[in-house]
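J.: Quick one: sequence plus predicted model below, questions after.
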Amino acid sequence: MKNLEQIIKEEYRKILQEQAQSGLIKTFRIRRVHGHLDCSYNNLTSLEGAPSSIDGSFICYKNNLTSLEGAPSSVGSRFNCSNNNLTSLEGAPN
């Protein structure tokens, strides 16, 4: 089962492949997304590793989340984490 950090890394791996092969990049973490991030239907159980800021929408619909801990602290548009197993909205962006 993949977590959000793994999914983000896979998406950006193609972009960063050339630099990684040259040894310039060992590890990375996406801190800000200048657009939308949709990680729906990935059976996520955690938002650990999510970017801290998303300019557009953050959609994590239909996963297995029980908590919003690790969610982005800033989302410029829609924040939709419906159809999960959430017990609280603690950790949702302001």
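T.: Noted; the coordinates are in hand.
J.: give me the number of residues near residue 36?
T.: Other residues near residue 36 come to 15 when the count uses other CB atoms under 10 Å. No exception for glycine: its C-beta is placed from N, CA and C like everyone else's.
J.: wait, isn't it in contact with residue 57?
T.: Yes: in this structure residue 36 lies within contact range of residue 57 using CB atoms under 8 Å: 4.6 Å.
J.: what residues do these two have in common as contacts?
T.: residue 77 (CB atoms under 8 Å, 6 or more residues apart in numbering).
J.: State the helix or strand in which the spatially closest residue to residue 83 that is not a sequence neighbour lies.
T.: Closest residue in space to residue 83, ignoring its immediate chain neighbours: residue 62 at 4.6 Å, by CB to CB, 6 or more residues apart in numbering. Secondary structure assignment for residue 62, by DSSP states H and E: no helix or strand.
J.: Report the contact partners of residue 62.
T.: Counted by CB under 8 Å, 6+ apart, residue 62 has contacts 40-41, 83-84.
J.: now it: how far from residue 34?
T.: 25 Å (CB to CB, to the nearest Å).
J.: What of residue 73?
T.: Residue 73 is 16 Å from residue 34, by CB to CB.
J.: neighbour-wise, which of these two wins?
T.: Between residue 73 and residue 34, counting by other CB under 10 Å, residue 73 is the more crowded of the two (14 against 9).
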